[in-house]
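Visitor: predicted model and sequence below, questions to follow.
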Amino acid sequence: MPDYRRPLANLVFEFCRRVVAGEPGDTDYCDIVWKILADEVVLRIFEGGSDQEEVESDYNPSVETIVAFLAECAEAVEPGANDDDDEAELVGTFESHGPSSPHTALHISSSFSSPLISRVQSDVHPDTGSSRSQSLHPSEDFSEHPILGSSRMPPSRSYPIQALSALISIFSQLCFTPHTPPSNFDYVLAYILRVFENFTFLLVKAKSVRVRLATLQFLMRLRADRDHRLYFSDTGYDPEGQVASLSALINLASPSDVLRKARARARIPPSERDMVTSRDRGGRLSQSFSRNATSRSRSRVSRSALAGSGPRARTRVAMWRVPEQLLFSVDTVDTTSEILGTYDPSGPDGVVVLPISEYLFALLTILESEKSWDIMSYVLCHLPVQLANKHLFCGPKSRIVISKILNMLCLGVLEGGSFARSIERWPSSIKLRDAMHGLVYHTLSVLVSYKRYFDTKQRHLLVEVFLGGLSGQSATIMCCLNALSISAFELQPSIIRYLSDILEKLFKIMSNPDMTVHILSFLSIVGSHPPLYSNFVEKDYKIVFGVALHSWALSQHVRIMSYHLVYVWFLAVKLPDRPKYLGYITKQLLLANEGNEQVDDLTEVCFDWLARYTYASADPRPANSLLQDIVINHGSDSEGNGAPSLADTVASEKTWLLGNSVVTIRTLRKLGWIEILSRRPSGYTKFLGRLENVPLVGPGDVDPDMLTIPAVFLMDRESSQACRPDAHADGTEEDREEQRRLVHDLLEQSENNPEDLNRPDPISGYVWSRTAPSQRRKDVAIDPSFFALQLSSYPNRLGPSNVRILVDSAVVLKFTTNLDRMPVIDTHKVGIMYVAPGQTTEGEILRNTHGSPAYTNFLEGIGRLINLRGQIDVYAGGLDPDEDGEYAYAWWDDIGQILYHTATMMPSHSHDDRSTFKKRHIGNDFVRIVWNDSGIPYRFDTLATQFQFVNIVIEPHSVGHISAYSSSFHETEYFKVTVQRAEGMIEFAPVGHYKLVSAENLPLLVRQLSLLADWFAYVFSRTDGDTQRVEVRTNWQERLSAIRRFKDQQMKANAIDQRENGHESVDKESKDSILAQQAFRDFTSSF
């Protein structure tokens, strides 16, 4: 067969030479001819060593001769091109690591540079004249924009483009086409590396901008999987639509294109997307599209010609725009190379490594001194997406170049920088700072995930650049805020260094309503990391409170987040320093309500919360202690069942309404002991004490109090481990003796011996049962003013109108029982699902009972493992341990609790094929965390439910097998985090299109994202997609309303009693203006 094929191929080569030399002839089938030439090169390479067997001549060229010929043709000036378009577009020299030109072995006559256009009608040969879009969703209308916009550009492909297409075909077939390992492996590999060297050379040195652009289109789509195997990306090239979004910033994609892509990514299943636009086997669009695109391009040419001469003649229309049309075709896409990688962790003797650093050097040269707007804009719009594939740039040489790229970009965009100043002709309405500098920040935000490549000085420089970007346009500010939010996790020392300056900048731009959500999100994230604000001074805290307190007049979500921010940062202040901020906060809260007769409920509960935490760091709800169990439950009831009633334990009880609080004082039957309960909107406080003015033994008492002191020693222990010996009157004598022995043993334990205390398991940690004693994870401090404030009538003045004694204990008991059922903090429930490789349906996903090792590590970091059975204080999110499993992950602090409905921890019942038990919880969650190891983009509507608001998707940034993350080598791996939102939701999460987050910080970030997302989705749901004015109320507001209703009922009842007794109340509460309330709202002057 080669004997028949080679003569034909030699004729094809001779034909191509005549075309390049400008000799007259039929060029209608020129595209096909160049494709045949490329295929012949591939066949000869696989046949191996034939160059040595044949005598080379003009009529029998070798493989080396043909490849060199193609390379030099691609480097040449496009025939018929305007000098302004195809002049050398690069200033300076390209740092080459080989010969001055990769194809100097062949000399081609000077006639190659003679101007001649080889015309090929694309409507006759659509396979070669058209190209395919790289969008993930081909349902978009690709024909809305001209593909090649220059009026001087020929409608067909010139021979430099055709030669480059041949080189791309050679490289793709050698590298990506599956085949058995060739016997002449080294020979094949040599030509793969040689062609790649030609690409990096052409990227900088080619005389045609279109050739350089086409080279970029190919190289920018190269990816590596988790095993560092190279492939050409098609369906997963831009899954989050970042390229389209960045292109729209510089008018290279219409907003409708970006919107359509976002909607398609969320809604259209792959089967439907594939049916929208037909493609041939090579992935190219149909013939009808090629004709339409060509006809529209020509019609725009004619209109451009009518525009006249003068300055407008020098206005350049962009050579590319989204959606793109490639100037080449690749037959094998999304298939990893079997012979080539980008990095070998085992060393240089392993797999053959592509010198990807040479490509990075070429990009560095372009970024430093490029003159063409088309080339520079293409690099800046596409580079962030490629950098997100970190496995492509793992080699030591790549690390050096990426470090240089960071330095060049940072210094180039800082004030007075010179980045992109070499661009000769800018499109109209494009400004240097707004366009190029704005795009650079997106590349730098991805480089945060390459922090191990940089030294400390470079990390500081990166954060400094983001700080400078806060002075830019809205899109730039948003990008920098998102980058700073991730840097708060990944670059903590650098954030600490510049945090004061960042806060001052945020305070200045707080008036921009578009940035408010992102500013609050950033400050919320910073407030969750105590090391970040460890060096704060009073000025810094006041700036944070100032930012939060300037957001009242905006949307409900922003208002709720503003109050949340006040709570987070107030707890961040050291307890002794908190009182000095009350005056400032009080004034700002009242100013926000100026014009109202009274402060609104959100502000009222904020004052109540401040009264709780200004002088103490105690929990918002009491937990039962062993002391209480021994003192109050001192004996069994009359029925002898061991469960004493309230009447058996309390000698007397009285309740008062003091302002917004309900205070109950009980004297206990245990001699000298009293119990004080204060129920307020922001929490529930209980005091248990003993009056020291009573004797140890009462009159006629022969049973002295010998348990109080031991109970005090044991009060911090779990009552399930040690309880009063006579607490179980119905037990046997052996049981009571065992309890006595247990108490005795506990008393004998040394309080100073840490080995005697319960320690968490080093792997699984604590399993929290029954109560959630958060004080065990924090230092609890109490100022005497805390006690006085909890028993005061604050925020009301002390007077007859604000103090009401309640004598009907039955009414009080009914009210307090209902009030105690209301949570004293905010509660959230979030679903977690694991998607195994290849899974796409909700049935498959919900039936998973375990996940990958990385997923398991993530769960251990996102919350605390709790035992659902008998749980008291931790919000269980509706889980039933008998049906939904005994364990769940939860997280809580003094402000809120999150219960995670984890699908893999719930049992899969044999009688529940559709996983209804799991879906009834996860399907009703507003927010779902999806760990996607499927290797397929997760569809927003995978889980069929009406509560479809937010998905936080976590997936590897590179495709491949999940087993790659099972070894210790990948413990420091990064993961891609994206946030999918329901239609109509604004962007609220600080991740932008996506963010790369290390495995170490991933649980912390996702926890904060789930909290922010659940608040936003809750408001979005209650307001019917932000279309109705419905007040969204927190748990604290509901508690406040309940107390006020009860107070009004009692005041009416008291008024009726007074009238019946002939008394009329004349005490009237004075109403002050809002600002006049500052004197008594600021309780630090009185307490």
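Guide: Thanks, I have the structure now.

Visitor: any stretches of the stretch 551-700 of the chain with poor pLDDT?
Guide: Scanning the stretch 551-700 of the chain with the threshold set as pLDDT under 70 gives 551-554, 632-648, 695-700.

Visitor: let's see that with 90 instead.
Guide: Residues of the stretch 551-700 of the chain that meet the criterion pLDDT under 90 lie in 551-565, 583, 587-602, 616-661, 665-675, 687-700.

Visitor: which residues of it fall in helices?
Guide: 556-572, 582-592, 601-613, 626-632, 646-649 (DSSP state H, counting those that start in this stretch).

Visitor: quick one, which of those is nearest to Arg497?
Guide: The closest of the helices of the stretch 551-700 of the chain to Arg497 is helix 556-572. By Cβ to Cβ, the value is 18.4 Å. Using the backbone N, CA and C atoms, a C-beta is placed for each residue, glycine as well.

Visitor: buried residues, that closest one. List them.
Guide: Neighbour-count burial for helix 556-572 flags 556-572 (criterion: 16 or more other Cβ atoms under 10 Å).

Visitor: one more: stretch 989-1005?
Guide: Neighbour-count burial for stretch 989-1005 flags 989-999, 1001-1005 (criterion: 16+ other Cβ under 10 Å).

Visitor: same question, stretch 171-189
Guide: By 16+ other Cβ under 10 Å, the buried positions in stretch 171-189 come out as 171-176, 182, 187-189.

Visitor: same question for stretch 590-597.
Guide: Buried, per 16+ other Cβ under 10 Å, within stretch 590-597: 590, 592-593.

Visitor: distance to Leu444 added to those residues, as TSV?
Guide: As requested, these are exported to TSV (distance: Cβ to Cβ, whole Å):
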residue	distance to Leu444
Leu590	42
Ala592	36
Asn593	42
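
Visitor: pick the one among the residues you listed closest to Ile952.
Guide: Nearest member of these to Ile952, counting by Cβ to Cβ, is Ala592, at 31.6 Å.

Visitor: that closest one touches Leu602, doesn't it?
Guide: No - here Ala592 does not reach Leu602: they are 9.4 Å apart, not a contact under Cβ atoms under 8 Å.

Visitor: related to what we said a few turns ago, want to throw the helices of the stretch 551-700 of the chain into TSV with distance to Gly878?
Guide: Output for these, formatted as TSV (distance: least, Cβ to Cβ, whole Å):
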stretch	distance to Gly878
helix 556-572	23
helix 582-592	35
helix 601-613	25
helix 626-632	29
helix 646-649	29
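
Visitor: helices of the stretch 251-400 of the chain, residue ranges please.
Guide: Applying DSSP H, counting those that start in this stretch to the stretch 251-400 of the chain gives helices spanning 255-267, 270-276, 287-305, 356-369, 373-387, 396-413.

Visitor: for the record, mean pLDDT for the last one?
Guide: Per-residue pLDDT over helix 396-413 has a mean of 93.

Visitor: also the third one?
Guide: Summarised as a single mean, pLDDT over helix 287-305 is 35.

Visitor: check the fourth one too.
Guide: The average pLDDT within helix 356-369 is 94.

Visitor: can you list contacts of that helix?
Guide: With Cβ atoms under 8 Å, 6 or more residues apart in numbering as the test, helix 356-369 has contacts from 90-92, 94-95, 97, 196-197, 199-200, 203-204, 219, 342, 375-376, 379, 383, 392-393, 395, 397-398, 400-402, 404-405, 408-409, 412, 419, 422.

Visitor: convert the C-alpha atoms of that helix to CSV, please.
Guide: Presented in CSV, the C-alpha positions along helix 356-369 are these (Å, rounded to 0.1, in the frame of the first residue of the first chain):
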residue,chain,number,x,y,z
ILE,A,356,4.8,22.7,28.7
SER,A,357,7.1,25.3,30.2
GLU,A,358,8.0,26.4,26.7
TYR,A,359,4.4,27.3,26.1
LEU,A,360,4.3,29.3,29.3
PHE,A,361,7.5,31.1,28.2
ALA,A,362,5.7,32.1,25.0
LEU,A,363,2.7,33.3,27.0
LEU,A,364,5.0,35.3,29.3
THR,A,365,6.5,37.0,26.2
ILE,A,366,3.1,37.9,24.9
LEU,A,367,2.0,39.3,28.3
GLU,A,368,5.2,41.4,28.5
SER,A,369,5.4,43.0,25.1
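
Visitor: hmm, back to that, nearest to Tyr4 among the buried residues of stretch 171-189?
Guide: Nearest member of these to Tyr4, counting by Cβ to Cβ, is Gln173, at 20.8 Å.

Visitor: hmm, the closest one is touching Asp331, no?
Guide: Yes - under the criterion of Cβ under 8 Å, Gln173 makes contact with Asp331 at 7.4 Å.

Visitor: mutual contacts of these two, please.
Guide: With Cβ under 8 Å, 6+ apart, Gln173 and Asp331 have no common neighbours.

Visitor: any idea what Pro956 is bridged to?
Guide: For Pro956, the beta-bridge assignment (DSSP bridges) gives partners Phe975.

Visitor: wait, it sits on Lys976?
Guide: Yes - counting by Cβ under 8 Å, Lys976 is a contact partner of Pro956 at 7.0 Å.

Visitor: as a markdown table, the buried residues of stretch 171-189 with secondary structure would be great.
Guide: Below are the buried residues of stretch 171-189 laid out as a markdown table (DSSP: H, G, I helix; E, B strand; the rest coil):
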| residue | secondary structure |
| --- | --- |
| Phe171 | helix |
| Ser172 | helix |
| Gln173 | helix |
| Leu174 | helix |
| Cys175 | helix |
| Phe176 | helix |
| Pro182 | coil |
| Tyr187 | helix |
| Val188 | helix |
| Leu189 | helix |
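
Visitor: save these as CSV, and put in pLDDT and distance to His228 too.
Guide: Below are the buried residues of stretch 171-189 laid out as CSV (pLDDT from 0 to 100; distance: Cβ to Cβ, whole Å):
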residue, pLDDT, distance to His228
Phe171, 93, 18
Ser172, 92, 19
Gln173, 91, 21
Leu174, 90, 18
Cys175, 89, 14
Phe176, 88, 15
Pro182, 72, 21
Tyr187, 86, 23
Val188, 87, 19
Leu189, 88, 16
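
Visitor: need these in a markdown table with distance to His911, can you?
Guide: Putting these into a markdown table (distance: Cβ to Cβ, whole Å) gives the following:
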| residue | distance to His911 |
| --- | --- |
| Phe171 | 56 |
| Ser172 | 52 |
| Gln173 | 54 |
| Leu174 | 55 |
| Cys175 | 52 |
| Phe176 | 48 |
| Pro182 | 56 |
| Tyr187 | 63 |
| Val188 | 58 |
| Leu189 | 58 |
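
Visitor: from the residues you listed, which is closest to Leu819?
Guide: Distances from Leu819 to these, taken by Cβ to Cβ, are shortest for Phe176, at 67.9 Å.

Visitor: mind listing what the closest one touches?
Guide: 230-232, 330, 332-333, 335-337.

Visitor: pretty sure Ile519 contacts Gly546?
Guide: No - assessed by Cβ under 8 Å, Ile519 is found out of contact with Gly546, at 11.7 Å.

Visitor: neighbour-wise, which of the two wins?
Guide: Ile519 (27 against 16; other Cβ atoms under 10 Å).

Visitor: which SSE is Ser247 in?
Guide: helix 242-249 (DSSP states H and E).

Visitor: that helix - contacts with which helices or strands?
Guide: helix 255-267, helix 373-387, helix 438-447 (3 or more Cβ pairs under 8 Å, 6 or more residues apart in numbering; DSSP states H and E).

Visitor: burial measure for the nearest residue to Ile936 once chain neighbours are set aside, as a count.
Guide: Leaving aside its chain neighbours, Ile936 sits nearest to Thr840 (6.2 Å; criterion: Cβ to Cβ, 6 or more residues apart in numbering). Residues near Thr840, counting by other Cβ under 10 Å, number 16.

Visitor: backbone phi and psi for Thr840, please?
Guide: Thr840 adopts backbone torsions of phi -140, psi -20, taken as degrees, to the nearest 10.
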